[in-house]
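K.L.:
model the following, please.
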Amino acid sequence: MYGDFARVYDRLMRDVDYPGWADYYARLLDLAQVPRGGTVAECACGTGGLTLPLSAMYRMTGVDISQEMLSVAADKLRAAGRQVPLIRQDMQRLQLHRAQDAVLCTCDGINYLTGDRALLHFLAAAHAALRPGGALAFDVSSLYKLRHTLGGNTLTSTEGDVHYIWHNDWAEREKRLRMQLHLYARGEGDCWAYIEERQAQRGYDEQQLTDYLTAAGFESIRIFGDRHMQPPGPQEPRWHVLARKPL
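P.N.:
Numbers count the residues shown, from 1 in each chain. Coordinates of the predicted model:
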């Protein structure tokens with residue numbers, strides 16, 4: 001996953017408000033009393049779209065399993081004059097050289113953990129990576145979004161220099177969304193490249209997330225709606241979750 005796709009990812013995500021998203025994560029970390037300038041590891045950091053604005057507020061470390069994504073992130077951070085360590089690592093086996101004030105898992109990273117064991121492994125590794133009192137914050141696409149907005153629908157785009165056909169199949173019993181993307185990206189010399197990408201995401205309900213976090217040793221668990229500080233509504237497309245490691 002995310003091999004050739006890394007080359008076109010930022011073009012697909014160019015409308016994402018990463019600075020606004022970073023500001024919201026900073027509000028969550030403020031709520032958990034994580035200091036500005038503290039150490040923050042961002043798992044599933046991808047091409048660094050969120051890492052870059054966060055690096056103006058925290059001492060960031062970026063973690064991702066895809067070397068191709070990290071290569072794009074390294075170029076982006078270097079061009080901005082930011083020195084951020086980037087680590088190629090499976091976040092289920094997260095290991096860092098020193099305890100962190102916060103661990104983040106952004107941009108649907110939790111949804112890509114499609115099995116119970118995978119999620120529990122990540123939560124246990126994040127717990128171990130935190131200092132006592134440290135915070136874990138992550139976002140997930142909600143069950144409503146996966147089931148109704150994406151599931152059973154085919155999305156298309158024929159604008160700009162990346163065209164795509166995006167098929168989405170929802171499996172209710174497994175609470176799993178299977179995605180198949182067919183992309184055509186303009187390259188040098190007006191040549192077009194074809195990229196096919198297959199991915200899967202799992203939906204989690206609030207009780208599952210709370211139970212998994214509790215089992216991993218977290219406390220003060222709170223779930224908010226899409227970039228606000230209230231509980232999520234029934235049709236909220238994205239949830240943000242905040243928890244703390246006990247002192």
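K.L.:
where does the spatially most distant residue from the centre of the chain land in three-state SS?
P.N.:
In the chain, G189 marks the outermost C-alpha relative to the chain mean, sitting 33.6 Å out by CA atoms, centre = their mean. The three-state label given to G189 by DSSP: H, G, I helix; E, B strand; the rest coil is helix.
K.L.:
that one and Y144: what is the separation?
P.N.:
The gap separating G189 from Y144 is 44 Å, by CB to CB, to the nearest Å. No exception for glycine: its C-beta is placed from N, CA and C like everyone else's.
K.L.:
equivalent analysis for E236, please.
P.N.:
7 Å.
K.L.:
for the residue nearest to P35 when sequence neighbours are not counted, which residues are in contact?
P.N.:
Nearest non-adjacent residue to P35, counting by CB to CB, 6 or more residues apart in numbering: D101, 6.7 Å away. Counting by CB atoms under 8 Å, 6 or more residues apart in numbering, D101 touches V34, P35, G38, T39, V40, Y58, L130, R131, G134, A135.
K.L.:
looking at these, which are in strands?
P.N.:
Counting by DSSP state E, the part of the contacts of D101 found in strands is T39, V40, L130, R131, G134, A135.
K.L.:
show me which of these are buried.
P.N.:
For the ones in strands among the contacts of D101, burial is judged from neighbour counts taken by 16 or more other CB atoms under 10 Å, and it is met by T39, V40, L130, G134, A135.
K.L.:
ok, of the residues you listed, which one's closest to I165?
P.N.:
Using CB to CB, V40 is the member of these that lies nearest I165, at 36.6 Å.
K.L.:
correct me, but the closest one touches L29?
P.N.:
Yes. Judged on CB atoms under 8 Å, V40 makes contact with L29 at a distance of 7.4 Å.
K.L.:
common neighbours of the two, please.
P.N.:
Jointly contacting V40 and L29 under the rule CB under 8 Å, 6+ apart are Y58, A102.
K.L.:
pretty sure P53 is touching A22, no?
P.N.:
Yes. The pair P53 and A22 passes the contact test of CB under 8 Å, sitting 3.8 Å apart.
K.L.:
state the pLDDT value of E174.
P.N.:
With respect to pLDDT, E174 has a value of 96.
K.L.:
oh, that last question was meant for D10, not what I typed.
P.N.:
In this model, D10 carries a pLDDT of 82.
K.L.:
okay, and it sits in which element?
P.N.:
If you go by DSSP states H and E, D10 is part of helix 6-12.
K.L.:
any buried residues in stretch 124-138, and which?
P.N.:
A124, A125, A126, H127, A129, L130, G134, A135, L136, A137, F138.
K.L.:
run the chain-centre distance for that stretch.
P.N.:
Relative to its chain's centre, stretch 124-138 lies at 16 Å (CA atoms, centre = their mean, to the nearest Å).
K.L.:
got the contact list for it?
P.N.:
For stretch 124-138, contacts defined as CB under 8 Å, 6+ apart pick out 25, 28-29, 32-34, 41, 43, 91-96, 99-106, 109-110, 123, 213, 216-218, 240-247.
K.L.:
picking that back up, out of the ones in strands among the contacts of D101, who's nearest Y204?
P.N.:
A135 (19.3 Å).
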